[in-house]
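> sequence first, then the predicted structure:
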Amino acid sequence: MRTARSRLSTATGALFAVLCLAALGGCKQEAPTSAAVLIIESTPAAGAEVSIGSDYYGKTPVTIRGLPAGQYYAILEMYGYKRKSETLSLPAEGEVRLSIEMRPIVGLLTIESEPAGARVYLANGDLIGTTPLINAPVPTGLIEYELLADSFVPLRDTIEVKEDYKYSRRHLMVPLKGSLRVFSRPTGSRIYINDVAQDNLTPASFELAPGPYTIGAYHDGYLMGEQSIVVEPQGEHAVDLTLEEGFMPPGMVLVPAGEFIMGVDGGAPDEAPRRNVQVEDFYIDKFEVTNKEFAKVFPNHHYEERKADHPATGVTWSQAAAYAQAVDKRLPTEDEWEKAARGIDGREYPWGNTFDPELCNSLKPPPEVSDTTRVGRMRAGASPFGVLDMAGNAYEWTSTWYQPYPGNTDVKNEYGQVYRVLRGGSYLTDRFVVRAARRHYDKIDSRKEDYGFRCAMDATLGPKNGAAAAKKK
């Protein structure tokens, strides 16, 4: 009997326990819910997925109600951003607003462009800055970006970006071209652009990159006509040249007869006095004689291949005179050289009275290295007669002995028939030396690294003799 009662008592107790647990809703009693409201936001962008514990509550901004008061661990996840966790304390009542800053998963991109100031856009249209762009944060993965600059062709590129890596890109932007129409009278003339003969005859059309150009037209029995223009991006330009009858040797420029202002007062003593000088008309080479041309007469003249179109330098006066004779030309006199360089108005430099280092190849400040350049590259620095490189690049021999000008009372031991005059300065001389009136002198067998020359020809040769000279050349 005692055993049966004991079993009954145990069973009754177990049933009572089950009923009690059921009444409490399980093995533990639910904590009372909180009246507080939790609002979670994310910056710099919304849309982060929010989890608290193992429960998911949606995307930011999200409002959560009914959580019991206490400490919680919130986790925010969003594509393109690092996973972010935040500990929060929820009171029994009231409103809790939590703004969580998400850190983007990015790499750092540096972009430089020529020209600077280009706008840089991502493929989604976001502007991330202008060049030079330094360590700009960009999304990871394969990204596409675009550079936009006024008057230049849009440039697109892609790059694979890894988290926290630094990348650098440099881009040369291509200018939008302008259009050019060239006409001439007589029609059917050969067209030259920057002294390079074109296959087209007038009239003809061209698409050209922006910049300065010399447009020429040549027809047998006529002097070459030229006009300088500046082509603007997407601009429409026209050149109409009327050619005069006559003869001009190829590669030369006619300097007409007449007076010009020679010398200068207030410069070096041997440059005075400033005076009017009469010069007969003559032809002069538009460019300095190049290495490639000089080697045709002096085959032992060696030069770097990249400098084929640079002025021949290291040339003595005797060599320059011998070259000129070999091509049926001569060296210009000092008077002719100065007139060809400065025109008739007494200007200080071939282009005017103000020095501009962008218009001539003169001595460069450190750390730049001074050297010769391709002849004719400084087109905007042309003389009034269209002769190029008469300031800088290479000193140029003339046929004149170094003598005092008429009216000059300065006494120098060097005057006489010992030294020949060189003109124009060089890539190794400064702004004072490249002036059109500046004189330099040396012995005829002197060979300096910046000594070069150009040739001249009498205009009195006439069409017949001139044509023969040109044919021999």
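In hand now; what should we look at?
> the strands in the stretch 151-300 of the chain, which residues?
155-161, 166-172, 178-185, 190-193, 196-201, 204-208, 211-218, 225-231, 236-242, 252-255, 258-262, 275-279, 282-285 (DSSP state E, counting those that start in this stretch).
> which helices and strands sit right next to the last one?
In terms of contacts (3 or more CB pairs under 8 Å, 6 or more residues apart in numbering; DSSP states H and E), strand 282-285 is packed against strand 252-255, helix 334-342, strand 456-458. Every C-beta, even on glycine, is put in place using the N, C-alpha and C of the backbone.
> most tightly packed of those?
Most buried of these by mean neighbour count (mean count of other CB atoms under 10 Å) is helix 334-342; its value is a mean of 25.
> which neighbouring elements make contact with that one?
Against helix 334-342 (3+ CB pairs under 8 Å, 6+ apart) you get strand 252-255, strand 258-262, strand 275-279, strand 282-285, strand 395-401, strand 420-423.
> quick one: that helix to strand 395-401, angle?
150 degrees (axes from the mean of the first three to the mean of the last three CA atoms, to 10 degrees).
> can you offset everything so residue one is 12?
I'll keep to 12 as the first residue from here, and by that count the last item is helix 345-353.
> among the helices and strands packed on strand 293-296, which is nearest residue 458?
With CB to CB as the criterion, residue 458 lies closest to helix 345-353 of the helices and strands packed on strand 293-296, at 20.3 Å.
> send me the closest one as CSV with only the CA atoms.
Extracted C-alpha coordinates of helix 345-353, given in CSV (Å, rounded to 0.1, in the frame of the first residue of the first chain):
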residue,chain,number,x,y,z
GLU,A,345,75.3,90.2,-90.7
ASP,A,346,73.0,92.9,-92.1
GLU,A,347,70.9,90.4,-94.0
TRP,A,348,70.6,88.1,-91.0
GLU,A,349,69.4,90.9,-88.7
LYS,A,350,66.8,92.2,-91.2
ALA,A,351,65.5,88.6,-91.6
ALA,A,352,65.3,88.2,-87.9
ARG,A,353,63.7,91.5,-86.7
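> need the contact list for residue 174.
Shown in contact with residue 174 (CB atoms under 8 Å, 6 or more residues apart in numbering): 116-118, 151.
> so which of those is the closest to residue 377?
Closest to residue 377, out of all of these and judged by CB to CB, is residue 118, at 36.7 Å.
> any idea how far the closest one lies from residue 64?
34 Å (CB to CB, to the nearest Å).
> between those two, who's got more neighbours?
Taking other CB atoms under 10 Å, residue 118 and residue 64 do not tie; residue 118 has more neighbours (21 against 10).
> residue 313 belongs to a helix?
No - in this structure, residue 313 is coil, not part of a helix, as judged by DSSP: H, G, I helix; E, B strand; the rest coil.
> can you lay out the helices and strands packed on helix 345-353 as TSV showing mean pLDDT?
Formatted as TSV, those follow (pLDDT from 0 to 100):
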stretch	mean pLDDT
strand 263-266	92
strand 269-273	97
strand 286-290	97
strand 293-296	96
strand 406-412	98
strand 431-434	98
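> quick one: which of those is nearest residue 50?
When those are compared by CB to CB, strand 406-412 sits nearest residue 50, at 81.3 Å.
> list the buried ones in that closest one?
In terms of neighbour count (16 or more other CB atoms under 10 Å), strand 406-412 has its buried residues at 406-411.
> check stretch 416-435 too.
For stretch 416-435, by 16+ other CB under 10 Å, it's 416, 419, 426, 430-435.
> repeat for stretch 319-334
Buried positions in stretch 319-334, judged by neighbour count with 16+ other CB under 10 Å: 320-328, 330-332, 334.
> so what does the strand or helix carrying residue 131 touch, helix or strand wise?
In this structure, residue 131 sits in strand 130-133 according to DSSP states H and E. With contacts defined as 3+ CB pairs under 8 Å, 6+ apart, strand 130-133 has these neighbours: strand 138-141, strand 144-150, strand 152-159.
> which of these sits closest to residue 390?
Distance to residue 390, taken as CB to CB, is lowest for strand 152-159 among these, at 28.4 Å.
> run through the bridge partners of the residue nearest the centre of the chain.
Central residue of the chain (CA atoms, centre = their mean): residue 125, 4.9 Å from the mean position. Applying DSSP bridges to residue 125 gives these bridge partners: residue 183.
> outline the domain layout of this protein.
Residue ranges for the domains of the chain, per automatic domain parsing: 48-112, 117-183, 189-253, 263-475.
> among those domains, which is the most enclosed?
Ranked by mean neighbour count, the domains of the chain are led by domain 263-475 with a mean of 19 (mean count of other CB under 10 Å).
> next one: that domain to chain centre, how far?
In this view, domain 263-475 has its centroid 30 Å away from the chain centroid, taken as CA atoms, centre = their mean, to the nearest Å.
> next one: stretch 219-231
Distance of stretch 219-231 from the chain centroid (CA atoms, centre = their mean) equals 22 Å.
> contact partners of that stretch?
By CB under 8 Å, 6+ apart, the surrounding residues in contact with stretch 219-231 are 162, 185-191, 193, 195, 197, 199-206, 213, 235-244, 246, 250, 252, 254, 390-391, 393, 397.
> including distance to residue 352, could the strands of the stretch 162-311 of the chain go into a markdown table?
Converted to a markdown table, these look like this (distance: least, CB to CB, whole Å):
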| stretch | distance to residue 352 |
| --- | --- |
| strand 166-172 | 42 |
| strand 177-183 | 35 |
| strand 189-196 | 28 |
| strand 201-204 | 22 |
| strand 207-212 | 24 |
| strand 215-219 | 28 |
| strand 222-229 | 17 |
| strand 236-242 | 17 |
| strand 247-253 | 24 |
| strand 263-266 | 10 |
| strand 269-273 | 10 |
| strand 286-290 | 12 |
| strand 293-296 | 10 |
